[in-house]
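A.B. asks: Okay, structure incoming, though there's no sequence with it:
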């Protein structure tokens, strides 16, 4: 597995995912209509040194919701 360095402190980041009892995701303000669909957060990275967090979603899924 490829390691990624933290953009804040240059420490190797830990790979993982977000978890919650409810669905965690992203809703674009570009979505129109009354029903807005959540794009699931698919993976995440966290720095064990400074606490910086990155989250990622599927860009194809997001584009399909806002086009």
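C.D. replies: Received it, and whenever you're ready, just let me know what you need. Bear in mind that the values here come from a model prediction, so they are computed numbers and not experimental data. Numbering: from 1, shown residues only.
A.B. asks: Helices along the chain, start to end?
C.D. replies: In the chain, the segments counted as helices under DSSP state H are 59-66.
A.B. asks: ranges for the strands of the chain?
C.D. replies: With DSSP state E as the criterion, the chain has strands at 14-16, 25-26, 39-46, 53-57.
A.B. asks: Residues contacting the first one, please?
C.D. replies: For strand 14-16, contacts defined as CB atoms under 8 Å, 6 or more residues apart in numbering pick out 1, 4, 43, 44, 45, 46, 47, 48. (Glycine included, C-beta is placed from N, CA and C.)
A.B. asks: Put together TSV for the residues you listed, with distance to residue 34, pLDDT and neighbour count on each row.
C.D. replies: Formatted as TSV, these follow (distance: CB to CB, whole Å; pLDDT from 0 to 100; neighbours: other CB atoms under 10 Å):
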residue	distance to residue 34	pLDDT	neighbour count
1	42	64	4
4	39	95	13
43	30	87	13
44	30	91	17
45	34	94	18
46	35	96	17
47	39	96	20
48	42	97	11
